[in-house]
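Engineer: here is the input, now give the coordinates:
(chains A and B)
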2 protein chains.
Amino acid sequence: MKVSALFTSAGINIALCVTLLSLYSILRKQPGNVKVYFGRRLAQECIGRNDPFCFDRLIPSASWIVKAWATPEDEILSVAGLDAVVFLRIVVFSIRIFSIASLFCIFLVLPLNYYGKDMVHMNIHAESLDVFTIINVKEGSKWLWAHCLALYVITLSACVLLYSEYKSIARMRLAHITKDKPSLSHFTILVRSIPRSSEESYCDCVKRFFTDYHASSYLSHQMVSRSGKVQKLMTDAEKMYKKLAMYKSPSLNQICEPCLSRCSFCGGPTNSFKKLSDDPERVEEKPNLDHLNSDNLGHHLNSDNREKECAAAFVFFKTRYAALVASQVLQSSNPMLWVTDLAPEPNDVYWSNLWIPYKQLWIRKIATLLAATVFMLFFLVPVTFVQGLSQLDKLQKLFPILKGLLKNKYMSSLVTGYLPSVVLMLFLYTVPPTMMILSAVEGTISRSCRKKSACCKVLYFTIWNVFFVSVLSGSAIDTINAISSPKDIPTQLATAVPGRATFFITYVLTSGWASLSSEVIQLFALLCNLFYRFVLWREGPVDFTLSFPYHTEVPKLLYFGLLGFTCSILAPLILPFLLLYFFLGYIVYRNQFLNVYVTKYESGGQIWPVVHNTTIFSLVLSQVIALGVFGLKHSPVASGFTIPLVILTLLFNEYCRQRFYPIFKSTSAQDLIQMDRRDEMCGRMEEIYDQLQSAYYRVSLMSSDVSKAEGSSNSGAMDSSCKAPDVKPGLANPTFETVPLSGMRQAITWLSMLTASQQKNPPK
Amino acid sequence: MKVSALFTSAGINIALCVTLLSLYSILRKQPGNVKVYFGRRLAQECIGRNDPFCFDRLIPSASWIVKAWATPEDEILSVAGLDAVVFLRIVVFSIRIFSIASLFCIFLVLPLNYYGKDMVHMNIHAESLDVFTIINVKEGSKWLWAHCLALYVITLSACVLLYSEYKSIARMRLAHITKDKPSLSHFTILVRSIPRSSEESYCDCVKRFFTDYHASSYLSHQMVSRSGKVQKLMTDAEKMYKKLAMYKSPSLNQICEPCLSRCSFCGGPTNSFKKLSDDPERVEEKPNLDHLNSDNLGHHLNSDNREKECAAAFVFFKTRYAALVASQVLQSSNPMLWVTDLAPEPNDVYWSNLWIPYKQLWIRKIATLLAATVFMLFFLVPVTFVQGLSQLDKLQKLFPILKGLLKNKYMSSLVTGYLPSVVLMLFLYTVPPTMMILSAVEGTISRSCRKKSACCKVLYFTIWNVFFVSVLSGSAIDTINAISSPKDIPTQLATAVPGRATFFITYVLTSGWASLSSEVIQLFALLCNLFYRFVLWREGPVDFTLSFPYHTEVPKLLYFGLLGFTCSILAPLILPFLLLYFFLGYIVYRNQFLNVYVTKYESGGQIWPVVHNTTIFSLVLSQVIALGVFGLKHSPVASGFTIPLVILTLLFNEYCRQRFYPIFKSTSAQDLIQMDRRDEMCGRMEEIYDQLQSAYYRVSLMSSDVSKAEGSSNSGAMDSSCKAPDVKPGLANPTFETVPLSGMRQAITWLSMLTASQQKNPPK
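Structural biologist: Numbering: from 1, shown residues only, chains lettered A, B, ... in the order given. Here you go, the predicted model:
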């Protein structure tokens, strides 16, 4: 690739981005799109947009950028929660480290690469991009120490930044836990694997056990039940009835109506856009007793429910410390009985997994691990097969009717050129939902855990299939062969990565930037909205909000970070493009958190250890690749200095694991006891106990069905409050929605690279 | 090797064993050897042997065998503790599984191997041993299903036996924990990394923290201090003075004297053999205040000791449950401060490691892990180098004086033949003490943990250096190369192991049997004793007792188990010899536990998970080797049936880990609370509190010095009570002592095998 081609590509992509962002700034001003672009504010605040139609609405503006940029972190924390702040910290960390890397690599390493060989340089526009990579440095060059120095600077800065981020996020997590508003989950544990007894029910058994062994701190408990088929149908009918009743009496409970009804300019019936009440009293009028039966709320239903009672219960304690202790101590001398864990927040409970017998869990974990590994390793096999099928002659054989159509030369090139990419893209779209299903099957008890688990799986998938397989050979089996002898890995990578650097630069340009534009413009939601309003002539689904798809976005950011670290000294030209990506990402994601996504549950920054470990992995990988390159370039000094760097990086990681990781696994006794004392002094405890009685009871009506919908519909991140029965969850899949443009581009670029690599390394 | 040679070798070894055992049965009857063969009974019981000299004492008898065989397990449990019972269970398990394996393999697999090829068999005596191995089965034989069936039977029986053993040992462990005699360690935790403060001493800081956060259950605490040089000298002087005072007034405190003084027949001064009193009052008269200062016992020494106070303390609680909770919960929001663990038993504390700053521990662990790995991988490098030096011509150059001597043909063959073995043997002797030092440096806080850790290290060393390196190639680097590509491992092992089967049979014959004979005869201790009595004309060291060297014996047993599993279907001829070894071991070890070794501290069966995992590893390894062999013999059916067996075995292991392993890591709340209630009802709590005040205080006088002696003298398992200052701990090293004969044989056989393999696979 030539420099001029790169600049052309960059120019096109910048123009595309600017166009899309301008388009966004116009679209967001249209009242009809308020549900697409202000979902969170619609759901959580009463936004009023009483401006009549004016010309101003059709002029692009940068006000949203200023707003997103200027919003302080505290506001994002209060609006979108700790997870969002931690996510934005990944972006900030990336901006910081790659600014430092740019400074060093552009001004020190890039000139050395460019003048690395004694050659006559052409006009800069006609120069190949390889001239700017380490490939151009001649063997045995004495200037390789500069690359080694840059590696040291990058690693040390990364470690310093990582440490300070870990420290500050740990502090934020502590503040989040000890915040003024008491968290009910701190008082609650989930007990599973209650022993079966012929003499007493599970409920009595729990009561007896905890009054016996935790008498001083035990408060009460709630059994978890699995609803039968008939009960499920009845619940659905009841829900439907309620919904219909709502539609019939539009004035009921419409808190936000006055300000919303004015902002329709398409003439649609304004009172069809409504917010269902969150008022607990309404919901409690008809308690969904088939999911829970409280110890306090009535044994009169026990006789009906005994068969459906699960061997699981929520147990409430009088203090946070007592709950923590009960959750961490081995309860019975048979470790498979009375298994305790701290309960998730009521909103966060993944109800449909609570009934899973504890004895199944270990085998489920192994099975999903195996399934994910197999899926990861053999992902390309069906893709290649289907792509083979999609070749022209085979298509013609299968569908003789196409024969005439495909004779058209333009059509045929379109089909052969684009069909394989489409196939690959469609397969790629299946990855995040598949990983979400696997994480659900695994048996996680909270929705945040499920998302974190899916995030890790997608991350491994990306690093393996999009980095290693593409870099090394193009097929998983060849890649396994290539890295099966550990001592050859540095050399293998060192041979392959610099050659792929050009591809990575275009990847950042096309896939990275475009994914952000499409994220901000929310193409799928926009189209859905238009379809509802102009084809079906009605308002879209009521209160249709999305939660942020951490499981697709975190792996994307981390993958770009990996590219940045591995390419920084090999091909520094990638860094400015990457920096632009992260800057744009900073604006876009802040805007989305403020306006679009609703935070329904939180993990409390649990994702950061994953980010930290992945960054360390990226650092070590880049050091190993550098080691291989220095070896290939016959520079023993540089190689010699790189080895201690690898060891120091690993030691740093181990130190951070010792110093910070326990904080993310458990809360300290000191903090919990202080919180207990504070609440006792305020006299708030009684109030908390009252809330506890209904906390895990009220939510069941909403969340249990949501989680089932999520589980059964294969829709990864759809966390709407299940008040939109007329929207197919599968359609609302945010995977399809957040990366429609980028996915296409990504697939195309990846495929071209794949084909090239397969031509290079034909299968043996 | 021919069959006749095998029988000759077996005959010689059996004769040797019988001779040594007969010799033992005579020697043990001599009153002069009572300290060698009845160390435990001398130390813990008052044995009286007032029989005068009679002819009966010179006739070998089998009474000790009958006694060792007939002693019930309960008696061994009460005498030698749970660890001894668990150790014997390894032997019992091996006997059971290899009996089943023998039954199947001798009557089903052996004939198939023998008639595996169409060949004319010679006279059975002249037959090669290879005829009895799987090498003799022709390729594509339809009889390989029998081998596969035998593998299934062995695996299934092993799993059933392992499960029942794990279950019964878990039950025994529970009984051991909940036994009537209260264990003081249950009430105690060890707090490390107490934060430094300029305003208050560590002692005040601990008091403030625990009265603040654990007010209801906190009892008191004791600081750990590191003694300065001057104080150490003073303590030594004090100890010396006490000892001298004892020698001057022989009648003082000699509880056992009346019965012991009669049994000397060598005329030595009987009153020089004494037992120091364990009476706490005597010791407490002059408390060793530089090691501990109790919160209760006096702040008057604080001013002197503040500098030497460590950031560690023993904290006592009112109930077991409270101590467990305090030990398991994260105390502070900085996980590197207020680190709590359950304290070891007072006898078990490894005092010299308590002062280690907690922040050092993770780096110490990594460093020792690295050191152990390097030691393991490159163990053979210096050995080969020194062996190279020891060749004749090089020796002559170094020591010209030897020239004349070495011209003698007999002498020269002796030197060249035996010197390499001696060098190898000397190097092998360094392994267990080295691993003990590494485990001490690691920072373990209890002696039992240190021994367990050393046991694991020696086990890995044995499996790597004595099995893999010897089987595969003879050098560590070649072995790493050989197994660095995972898919080739089965084939590599399948090619190598059946060929080595003959060697393994002789290894069991020579090394195995001889090690047991030398264990029972205690050659080194016997020689020491004779040296003291007939050369120095005095009694040997007072109260010189040994604790059982689990870290050398457990790896030995497990290694023979590994040989049994891997060879059972490949070369079933090994099984009878192995069974004989385990039967003999059963008798010998029971005898030793009853008579020789003193149990000063216990881990409560913590070794069993290691044994379980190693057995699973052996099973999987034998399945993998079988897989390779079936592949080489072109039997896809047998290969196909072996793969699910591997998976099932691993699943079984995972299940056991879930089901039993937590019991070995922690005690359940249920059990502890019940024990607390029982003691409260008996009114025994006050008594326990009183004992607690002095428990970790009294022992310091003895154990702190012992542990130092152990740490500094490189003596792995010497756990004598440090009342024998005139015995060099290095000399008393039981590693040198328990396997002097077997070590020599083992070294020779191993060396011959090594040389053969190096000739086969010359270094490239």
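Engineer: quick one, phi psi at the residue of the stretch 301-450 of chain A found nearest chain B?
Structural biologist: Sorted by distance to chain B under Cβ to the nearest Cβ, the residues of the stretch 301-450 of chain A start with A:Pro335, at 3.8 Å. (Glycine included, C-beta is placed from N, CA and C.) With angles defined as degrees, to the nearest 10, A:Pro335 shows backbone torsions of phi -70, psi -10.
Engineer: can you check A:His221 too?
Structural biologist: For A:His221, the backbone dihedrals (degrees, to the nearest 10) come out as phi -150, psi 170.
Engineer: give me the pLDDT value at it.
Structural biologist: Turning to A:His221, the model gives it a pLDDT of 91.
Engineer: touching, it and A:Ala323? I think so.
Structural biologist: No: here A:His221 lies out of contact with A:Ala323, judged by Cβ atoms under 8 Å, at a distance of 11.9 Å.
Engineer: surely A:Ser4 and A:His125 touch.
Structural biologist: Yes: contact criterion Cβ under 8 Å: A:Ser4 and A:His125 qualify, at 4.3 Å.
Engineer: now for the longest helix along chain A, which elements pack on it?
Structural biologist: What stands out as the longest helix in chain A, according to DSSP state H, is helix A:144-177. For helix A:144-177, the contact count by 3 or more Cβ pairs under 8 Å, 6 or more residues apart in numbering or on different chains; DSSP states H and E identifies helix A:73-104, helix A:550-568, helix A:608-632, helix A:636-665 as packing neighbours.
Engineer: go through those helices and pick out the most buried.
Structural biologist: Using mean count of other Cβ atoms under 10 Å in any protein chain shown, the stretch among the helices and strands packed on helix A:144-177 with the greatest mean number of neighbours is helix A:550-568 (a mean of 25).
Engineer: that one - what's its average pLDDT?
Structural biologist: Averaged over helix A:550-568, pLDDT sits at 93.
Engineer: burial check on A:Ser485, number of neighbours?
Structural biologist: Neighbours of A:Ser485 under the rule other Cβ atoms under 10 Å in any protein chain shown: 13.
Engineer: so it makes contact with B:Ser485?
Structural biologist: Yes: under the criterion of Cβ under 8 Å, A:Ser485 lies in contact with B:Ser485, with a separation of 5.6 Å.
Engineer: for A:Leu151, give its distance to chain B.
Structural biologist: Distance from A:Leu151 to chain B, counting by Cβ to the nearest Cβ, to the nearest Å: 23 Å.
Engineer: how about A:Ser99?
Structural biologist: Here A:Ser99 is placed at a distance of 31 Å from chain B (Cβ to the nearest Cβ).
Engineer: just to check, A:Arg96 is in contact with A:Leu161?
Structural biologist: Yes: A:Arg96 is in contact with A:Leu161 according to Cβ under 8 Å; the separation is 5.7 Å.
Engineer: if we can go back for a sec, identify the contacts common to A:His221 and A:Ala323.
Structural biologist: Jointly contacting A:His221 and A:Ala323 under the rule Cβ atoms under 8 Å, 6 or more residues apart in numbering or on different chains are A:Phe316.
Engineer: between these two, who's got more neighbours?
Structural biologist: Summary of the neighbour comparison: A:His221 and A:Ala323, criterion other Cβ under 10 Å, with A:Ala323 having more neighbours (25 against 22).
Engineer: hmm, the helix or strand where the more buried one lies touching chain B?
Structural biologist: With elements taken from DSSP states H and E, the one containing A:Ala323 is helix A:320-328. Yes: counting by Cβ under 8 Å from any Cβ of the partner chain, chain B is contacted by helix A:320-328 at A:324-325, A:328.
Engineer: what separates the residue lying farthest from the centre of chain A from chain B, distance-wise?
Structural biologist: Among the C-alpha atoms of chain A, the one most distant from their mean position (Cα atoms, centre = their mean) is that of A:Val120, at 48.3 Å. A:Val120 sits 45 Å away from chain B when distances are taken as Cβ to the nearest Cβ.
Engineer: that residue belongs to a strand?
Structural biologist: No: counting by DSSP: H, G, I helix; E, B strand; the rest coil, A:Val120 falls outside a strand, being coil.
Engineer: quick one, what contacts it?
Structural biologist: Taking Cβ under 8 Å, 6+ apart as the definition of contact, A:Val120 has no neighbours.
Engineer: pLDDT score for it?
Structural biologist: Model confidence at A:Val120, expressed as pLDDT, equals 75.
Engineer: got the phi/psi numbers for it?
Structural biologist: Per degrees, to the nearest 10, the backbone of A:Val120 is at phi -90, psi 120.
Engineer: nearest spatial neighbour of whichever residue of the stretch 51-200 of chain A sits closest to chain B, skipping sequence neighbours?
Structural biologist: The stretch 51-200 of chain A approaches chain B most closely through A:Leu174 (5.6 Å), counting by Cβ to the nearest Cβ. Spatial nearest neighbour of A:Leu174, chain neighbours left out: B:Ser333 (5.6 Å); criterion: Cβ to Cβ, 6 or more residues apart in numbering or on different chains.
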